[in-house]
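Engineer: Got a predicted structure here, sequence first:
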Amino acid sequence: MSATAQDIHDHHDHGPASGLMRWVTTTNHKDIGTLYLVFALVMLFVGGGMALVIRAELFQPGIQFVNPDFFNQMTTVHALIMVFGMIMPAFAGFANWMIPMMIGAPDMALPRLNNWSFWLLPFAGVMLLATFLMPGGAPAAGWTLYPPLSLQGGNSFPFTIFSIHLLGISSIMASINIIVTILNMRAPGMTLLKMPLFVWAWLITAYLLIGAMPVLAGGVTMLLTDQFFGTSFFNAAGGGDPVLFQHIFWFFGHPEVYIIILPAFGIVSQIIPTFSRKPLFGHESMVFATAAIGFLSYIVWAHHMFTVGMPLAGQLFFMMSTMLIAVPTGVKIFNWISTMWRGSLTFETPMLFAVGFLFMFTIGGFSGLMMAVAPVDFQYHDTYFIVAHFHYVLVPGALFAALGGAYYWLPKWTGHMYDETLGKVHFWLSTIFVNLLFFPQHFLGLAGMPRRIPDYAVQFADWNMWSSIGAFGFGFSQLLFVYVVIKCVRGGEKASSKVWDRPFGLEWTVPSPAPYHTFEKAPEIK
């Protein structure tokens, strides 16, 4: 028997890999989706632990627990872990699990590429965290890695950049896979405009990722050559321009925030119609609004840079385009509210997270509009107002949508119902504490407290104390989510085929009469 035939024979003898090797070698989209989600959950606590170090230090004025350099390392790695290691892999996990099922495909189009794009992540994450153990510690330049600050990183600097490259390669491969799957593997009759909103959101997100990630890769590689190969891209002494790096970074960075929020929009667009028991209001307008957001996200980047001294025409252009991007976002929020209008609403945990998302994401959107006004942005820039704004978009925005999606699909993934009471307790604890954590930061920023500082003037003490209490409350509330998930996976009430018609047995009980063809002949009275 030839070697190849022998291999095939052995494979059939032993069946598929079991135990640990099943997870290492799997090409099944559900297994890989589960790996992504578990990895994201672990990273939520790793990055969250760093956030708690930051908030513990800021609980009161003075240097309490960590030295200023380590404090800045925390802010840098916290952001990189949360963006690239937590929220993006979480949404990639949802994509892997749900997209093939939603479009009627047997699996993802490129299953082995799928395996590889996941397994790059743990190695990249470990490499990023290992920078703490190197001489000089992790980079302390903020997640934006602005030169010349980022060039003080010591030995850990090239490791950070290599880690970012690996995380980017993983994202690009996953995006290629998603695009190929959606465009080539839809079931017959599933036209593009019939696709669920979650699939549409990911299709547009994948294109954004392929456009934006190489820009970041180019920018950090130029940092690398400035540091080690004598180039002067960003070194003013050699004729370079540090502001050039800001342009490169934010040309990636602004599409990146939409890469994070569009899948969240997709999840919310699945949850709200289910618990309103009505179809989504304006399906096509939602698709076009999502595409418009994706397009506009590439032409607003310099609103992060109003203070660099750009010409007035540049300020005006970026101010107007930023305000324009609020229009399709407003369309989406209007459509979600219209979906709920006069629906038969029930408020199970996924719906609570979706409605919470709607309220609090809108707060983040309004503070974003405030910062789009160039003259006042000079006052807000680099204060805690900015921190409050983007955390409102990312935590009660993207993270709440991810938690809502997890509760929504857990019964489908596990075959068991989660504990509804505990789910609701988790929602209310998270909502109370996340607002206690981030809302006071608006006041701190407007009063002039700068970001990225381990110590502050005494007049900022009270709001910082409340913010830190909110941080610890929010962080420990997430342990309840882990408990709910483990309890659900290990068994619970079996999920029915009509899982979300429980516990009230509600079908589509809209006030209008049922369609004519559902009336059956009345039974005869005996």
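Structural biologist: On my side now, so go ahead.

Engineer: Could you use CA atoms for every contact and neighbour count after this?
Structural biologist: Noted.

Engineer: and the nearest residue to residue 465 once chain neighbours are set aside, backbone torsions?
Structural biologist: What sits nearest to residue 465 in space, not counting adjacent residues and going by Cα to Cα, 6 or more residues apart in numbering, is residue 59, at 4.8 Å. Note on residue 59: backbone dihedrals following degrees, to the nearest 10 are phi -60, psi -40.

Engineer: just residue 416 next, same as before
Structural biologist: The phi/psi pair for residue 416 (degrees, to the nearest 10) reads phi -120, psi 150.

Engineer: do residue 383 as well
Structural biologist: Main-chain torsions, residue 383, degrees, to the nearest 10: phi -110, psi 180.

Engineer: For it, list each beta-bridge partner.
Structural biologist: residue 450 (DSSP bridges).

Engineer: Return the residues in contact with it.
Structural biologist: With contact set as Cα atoms under 8 Å, 6 or more residues apart in numbering, residue 383 has these partners: 444-446, 448-451.

Engineer: need the contact list for the residue nearest to residue 465.
Structural biologist: By Cα under 8 Å, 6+ apart, the contact set of residue 59 is 461, 464-465, 467-468.

Engineer: Mind picking the one among the residues you listed that's closest to residue 439?
Structural biologist: Within the set of these, residue 467 lies nearest residue 439; the separation is 7.9 Å, counting by Cα to Cα.

Engineer: host element of the closest one?
Structural biologist: In this structure, residue 467 sits in helix 461-489 according to DSSP states H and E.

Engineer: and stretch 144-158, which residues are buried?
Structural biologist: For stretch 144-158, a neighbour-count test (16 or more other Cα atoms under 10 Å) marks 145-147, 150-151, 153-154, 156-158 as buried.

Engineer: er, stretch 190-203 actually
Structural biologist: With burial defined by 16+ other Cα under 10 Å, the residues of stretch 190-203 counted as buried are 195-203.

Engineer: Put together TSV for the buried residues of stretch 144-158, with pLDDT and secondary structure on each row.
Structural biologist: Supplementary listing: the buried residues of stretch 144-158 in TSV, determined by pLDDT from 0 to 100; DSSP: H, G, I helix; E, B strand; the rest coil:
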residue	pLDDT	secondary structure
145	93	coil
146	92	coil
147	90	coil
150	83	helix
151	78	helix
153	63	coil
154	72	helix
156	89	helix
157	90	helix
158	92	helix
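
Engineer: Dump these into JSON lines; add distance to residue 55 as well.
Structural biologist: Below are the buried residues of stretch 144-158 laid out as JSON lines (distance: Cα to Cα, whole Å):
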{"residue": "145", "distance to residue 55": "22"}
{"residue": "146", "distance to residue 55": "23"}
{"residue": "147", "distance to residue 55": "26"}
{"residue": "150", "distance to residue 55": "23"}
{"residue": "151", "distance to residue 55": "26"}
{"residue": "153", "distance to residue 55": "23"}
{"residue": "154", "distance to residue 55": "26"}
{"residue": "156", "distance to residue 55": "25"}
{"residue": "157", "distance to residue 55": "25"}
{"residue": "158", "distance to residue 55": "28"}
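
Engineer: Find me whatever residue is spatially closest to residue 302, sequence neighbours aside.
Structural biologist: Leaving aside its chain neighbours, residue 302 sits nearest to residue 318 (6.2 Å; criterion: Cα to Cα, 6+ apart).

Engineer: isn't the one you found right next to residue 303, touching?
Structural biologist: Yes - contact between residue 318 and residue 303 holds when scored by Cα atoms under 8 Å: they sit 5.7 Å apart.

Engineer: Next one: residue 242 from residue 148, what distance?
Structural biologist: When distance is defined by Cα to Cα, to the nearest Å, residue 242 is 7 Å away from residue 148.

Engineer: Which elements pack onto the top helix by length along the chain?
Structural biologist: In the chain, assigned by DSSP state H, the helix with the most residues is helix 242-276. Here helix 242-276 touches helix 88-103, helix 197-228, helix 283-296, helix 312-340, helix 349-372, helix 400-414, going by 3 or more Cα pairs under 8 Å, 6 or more residues apart in numbering; DSSP states H and E.

Engineer: Which stretch among those helices approaches residue 73 most closely?
Structural biologist: Per Cα to Cα, nearest to residue 73 of those: helix 197-228, 17.6 Å.

Engineer: distance between the closest one and the chain's centre?
Structural biologist: Taking Cα atoms, centre = their mean, to the nearest Å, one finds the center of helix 197-228 at 15 Å from the center of the full chain.

Engineer: What residues sit buried inside it?
Structural biologist: Residues of helix 197-228 classed as buried by neighbour count (16+ other Cα under 10 Å): 197-217, 219-224, 226-227.

Engineer: if you compare the helices and strands packed on helix 242-276, which one is most tucked away?
Structural biologist: When you average the neighbours per residue for each of the helices and strands packed on helix 242-276 (mean count of other Cα atoms under 10 Å), helix 88-103 leads with a mean of 24.

Engineer: Let me know the angle separating that one from helix 400-414.
Structural biologist: Angle of helix 88-103 versus helix 400-414, following axes from the mean of the first three to the mean of the last three Cα atoms, to 10 degrees, is 50 degrees.

Engineer: Now do helix 88-103 against helix 197-228, angle only.
Structural biologist: When the same axes, to 10 degrees is applied, the directions of helix 88-103 and helix 197-228 differ by 150 degrees.

Engineer: Kindly export helix 88-103 (C-alpha atoms) in PDB.
Structural biologist: Output for helix 88-103, consisting of C-alpha atoms alone and laid out as PDB, is shown next (Å, rounded to 0.1, in the frame of the first residue of the first chain):
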ATOM      1  CA  MET A  88     -12.700  42.000  17.200                       C
ATOM      2  CA  PRO A  89     -12.200  38.200  17.900                       C
ATOM      3  CA  ALA A  90     -15.600  38.200  19.700                       C
ATOM      4  CA  PHE A  91     -17.400  39.500  16.600                       C
ATOM      5  CA  ALA A  92     -15.300  37.100  14.400                       C
ATOM      6  CA  GLY A  93     -16.600  34.300  16.600                       C
ATOM      7  CA  PHE A  94     -20.200  35.400  16.000                       C
ATOM      8  CA  ALA A  95     -19.400  35.600  12.200                       C
ATOM      9  CA  ASN A  96     -17.900  32.100  12.200                       C
ATOM     10  CA  TRP A  97     -20.900  30.600  14.000                       C
ATOM     11  CA  MET A  98     -23.700  32.400  12.400                       C
ATOM     12  CA  ILE A  99     -22.900  33.500   8.800                       C
ATOM     13  CA  PRO A 100     -22.800  30.000   7.200                       C
ATOM     14  CA  MET A 101     -26.100  29.100   9.000                       C
ATOM     15  CA  MET A 102     -27.700  32.400   8.000                       C
ATOM     16  CA  ILE A 103     -26.800  32.100   4.300                       C
END
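
Engineer: List the contacts of it.
Structural biologist: So helix 88-103 is contacted by 29-30, 32-37, 39-41, 106-108, 174, 178, 181-182, 185-187, 190, 195-196, 198-199, 202, 260, 263-264, 402 (Cα under 8 Å, 6+ apart).

Engineer: try stretch 320-329
Structural biologist: Counting by Cα under 8 Å, 6+ apart, stretch 320-329 makes contact with 289-290, 292-293, 296-297, 299-300, 303, 365, 369, 372, all of which sit outside it.
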